[in-house]
Each structure stands twice: as structure tokens, then as C-alpha cells.
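**Q** Predicted model and sequence below, questions to follow.
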Amino acid sequence: MAVINIFNPLVPNNIYHGDSRHLLKRIERHSVALSVWSPPYYVGKYYEKDLSFDDWKNLLKDVIALHFPIIKPGGFLAVNIADILCFKDQTMPKIMAENVSRRKVTLSKEEIVAIKSSHPDWNRYQLAEHFGCSEQTIDRRLNGNNIRGGKYQSQTRVFLVGALIEEAAQEAGFYLYDRRIWVKDAAWENSRWHTISYRSVDESEYLYIFWKPGITKVDRSRLTKEEWVNWGSRGVWEIPSVRSNADHDSKFPVELPRRVIKLFTQPGEIVLDCFMGSGTTALAAMSEKRQYIGIDKEKKSVEIAKKATESINLYKKEPEQMDLMINEIEASYGIK
Ligand SMILES: C[S@@+](CC[C@H](N)C(=O)[O-])C[C@H]1O[C@@H](n2cnc3c(N)ncnc32)[C@H](O)[C@@H]1O
């Protein structure tokens, strides 16, 4: 069981610099109504470059375990994450295929095999001379093309992340309460192999919502009738990705945490994001009049997040002006 350090507790409406595995221990027990975050995805970003696959799995496991004591009974933990679509697997055989749609030379394997049977001693160079093509063409037709990476690169497959998160949460004492799919913009550039395979592009992520046993206040009036119809009761949320992410390259749109916050918390309650990045969850919490606690291990992220929350704080006393400010921020993210 995680040990909580009650000395020097983290204070709401602040963003802290440090590793979540240390700082979560300084959050008061049963104080957080909702923790919503998007961790490293193990896809080679700068903030996860030192993590081995096992380190990454342990990070998620440890962070989830540390949440159990600090979430209120009846409260929630919402994890936004995606499957790893290009997961390097050294044990995977090279994917071989006859890539017929890309052929420049209309020579078939059967034609080569037929000539080879009458000239069994011919090597691929002699066969190439016979057919008037390159020796690589002969090799490709006979042995298949490696359509996923070069000869020396590891093959990649899909790694499903949900089971890992579910197991860690269940072990910590949470129960999987709901799951939603966030449909974002199609990320063609992330699908390195899709043009020469049957694979799909990356265009959705998950939201896994875990519940800590206890009394959960269900207040349907938190959302308007339209909000319930449009997204409150819907399993699939279509929210455009952040367009302008010059300050942090892994931002989620404000609308994503905003919906989770509105659904699962009351005004004034504490919302935690222990992978705060550019401060998106804090902005969403502020726009919904909730308190927030943010943590990030990168000093630069903490600076960006603090700056974003401070600019909103300037408007704090005037709700209409604050809404205006959030609208401006969302517009700059390209989602309004
Ligand atoms: C996917 S990004 C989150 C982006 C954020 N949702 C936003 O909208 O800007 C993950 C963040 O986790 C931070 N991070 C990674 N490992 C961490 C750790 N052990 N403790 C705290 N923060 C960590 C990274 O610096 C990065 O900013």
C-alpha cells in the first residue's frame, strides 16, 4: 500500500515541479474528487526517452497505486491514453508480402520459378539478366517484400494498453466504471507504414474512468439537456486535436478534461493532473470553477502551465471575462 507523507502537503491551485511518484505522496488523503491525466504513451517523446518498456509500465502502475489514498471515496480517476500502434518487437518475424500495387516491373514469381526449373544453377544476377530487371526485383519476387521497415529494423506491431491500466487500477482498489473513445484528427504522419500495408491511421484515443468505492453524488443538473444528448451520455466524443501546440507537443484539447470535470465533479472540488504538461487540465478546471493541483517533471512544462493559469487568474473575478479568455485559448488551440 502507498505511504502518504502528510508533511508539507501540496496546496490546491498550484502547479508543482517534480516526479509524480514523489509528489503524489504529499497530497492530502481523500481530498481529490477527480484525477484526469494523459501520461507518457511510450512512443519516444523527449520526456520519456530515459524509460525502458518496463520502466514505463512501472511508472503507470506506481502512479495509479498512489492515487487510491488521495481520491475521495466515490471519486474518480480518468486516464486518457492510446494504444501503441508502432510497438517495436524484436521477436516478430519480418512481415513479408508481395506488394503488387507498387510493382514497376510486371514480372511474376511463377515466371521466375519456371525459368529456374530449367536453369537450376542460375543465381539471381543471371536471372535478372535474363529478365532484364534488377537482382533486387528477382529477390523480392522470390522471397517477398519486407513491407514494414528495412532489413535491420525491428518489426512493429500494435500494443493494447487498456489491460495494463485496468490491471493496475484494479490492483490499487479502483473499478473500471466507464470507458469512452475520443475521436481526434487523423494523424497520418504517425502511421509510418500505412501506405504500404493494410493498416489504419491513428485517429482515436481512450478515456478509462475508474471509480473508488464510496458514495458518488449523481447530479444530472451539472449538464444541460443538450450536453447530455450531445456528449454526456455518449460513448464516442469527437473533439478536434490541438492545432497549435508549439509550446508542448502532446497537449490534449481543453474540451476533453472540461467534459470529464463537468461530469464527475462539483464546483469547488479538487481536480488533479499529475502529468500536467502545458496546464490544459488546470485551465479546464478553472473554467468550470473547480480547484486544481498540477504536477510535471519538466521545468519548462511547469513554467508554461503556470503562465497559462496566471493569465486566466487575471480575469478570475469576472466570470464573463474568464469565459471569454477560455474561448480565446481554445480558439488558439484550434477547437472553437
Ligand atoms: C502526454 S503529456 C501531457 C500533456 C497535457 N495533457 C497537456 O495538455 O499539455 C505527459 C506529460 O507528463 C510529464 N511527465 C512524464 N513523466 C512524468 C513523471 N514521472 N512525473 C511527472 N510528470 C511526468 C511530461 O513532462 C509531459 O509533460
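**A** All right, it came through fine. None of these values were measured; they are calculated from a predicted model. Numbers count the residues shown, from 1 in each chain.
**Q** For the residue of the stretch 101-250 of the chain found nearest the ligand, give me its contacts.
**A** Residue of the stretch 101-250 of the chain nearest the ligand, by C-beta to the nearest ligand atom: residue 250 (3.7 Å). (Each C-beta comes from the backbone N, C-alpha and C, glycine too.) Neighbouring residues of residue 250 by C-beta atoms under 8 Å, 6 or more residues apart in numbering: 38, 41, 45, 277.
**Q** Those residues also near the ligand: which ones?
**A** 38, 277 (C-beta under 6 Å from any ligand atom).
**Q** of the contacts of residue 250, closest to the ligand?
**A** residue 277 (2.5 Å).
**Q** distance of the closest one from residue 304?
**A** Separation of residue 277 from residue 304 (C-beta to C-beta, to the nearest Å): 8 Å.
**Q** okay, those two: which has more neighbours?
**A** Neighbours were counted for residue 277 and for residue 304 using other C-beta atoms under 10 Å; residue 277 has more, 24 against 20.
**Q** one step back: now for residue 277 and residue 304: what residues contact both?
**A** Applying C-beta under 8 Å, 6+ apart, one finds that residue 277 and residue 304 are jointly contacted by residue 248.
**Q** per-domain residue ranges of this protein.
**A** Under the assignment automatic domain parsing, the domains of the chain span 14-82+161-333, 96-146.
**Q** can I get those domains in TSV with mean pLDDT?
**A** Listed next are the domains of the chain as TSV, based on pLDDT from 0 to 100:
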stretch	mean pLDDT
domain 14-82+161-333	91
domain 96-146	82
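**Q** CSV for the contacts of residue 250, including secondary structure?
**A** Listed next are the contacts of residue 250 as CSV, based on DSSP: H, G, I helix; E, B strand; the rest coil:
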residue, secondary structure
38, coil
41, coil
45, coil
277, coil
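**Q** List only buried entries from the contacts of residue 250.
**A** 38, 41, 277 (16 or more other C-beta atoms under 10 Å).
**Q** For the residue sitting furthest away from the middle of the chain, list the residues it contacts.
**A** Centroid-distance maximum for the chain: residue 118 at 56.3 Å, with C-alpha atoms, centre = their mean. The contact partners of residue 118, taken as C-beta under 8 Å, 6+ apart, number zero.
**Q** Would you check that residue 92 makes contact with residue 159?
**A** No: if you go by C-beta atoms under 8 Å, residue 92 and residue 159 don't touch, sitting 11.4 Å apart.
**Q** Please name the residues that touch the residue nearest the centre of the chain.
**A** The centre of the chain sits closest to residue 81, judged by C-alpha atoms, centre = their mean, with a distance of 3.4 Å. Residues in contact with residue 81 (C-beta under 8 Å, 6+ apart) are 38, 39, 41, 161, 165, 205, 206, 208.
**Q** secondary structure class for the second one?
**A** Recorded secondary structure, residue 39: coil (three-state DSSP).
**Q** any idea how far the ligand is from the residue lying closest to it once chain neighbours are set aside?
**A** Using C-beta to C-beta, 6 or more residues apart in numbering and skipping residues adjacent in sequence, the residue nearest residue 39 is residue 275, 4.9 Å away. Distance of residue 275 to the ligand, computed by C-beta to the nearest ligand atom, to the nearest Å: 3 Å.
**Q** Residue 237 contacts residue 179, correct?
**A** No: counting by C-beta under 8 Å, residue 237 sits too far from residue 179 to count as a contact (11.4 Å).
**Q** higher neighbour count, those two?
**A** More neighbours surround residue 237 than the other of residue 237 and residue 179, with 19 against 16 (other C-beta under 10 Å).
**Q** which residue sits closest to that one, ignoring its sequence neighbours?
**A** residue 182 (5.1 Å).
**Q** list the residues that contact both of residue 237 and residue 179?
**A** With C-beta under 8 Å, 6+ apart, residue 237 and residue 179 have common neighbours residue 207.
**Q** Just give me the neighbour total for residue 308.
**A** Neighbours of residue 308 using other C-beta under 10 Å come to 20.
**Q** Helix or strand for the residue nearest to residue 39, just tell me which one.
**A** Under the criterion DSSP states H and E, no helix or strand holds residue 275.
**Q** And residue 293, by the same measure?
**A** strand 291-296.
**Q** Need the residues that contact the helix or strand just after that strand.
**A** Sequence-wise, the next helix or strand downstream of strand 291-296 (DSSP H and E) is helix 299-313. Outside helix 299-313, the residues within contact range by C-beta under 8 Å, 6+ apart are 13, 15-17, 47, 247-248, 276-279, 282-283, 286-287, 292, 294, 296, 322, 325-326, 329.
**Q** Okay then, goodbye and thanks.
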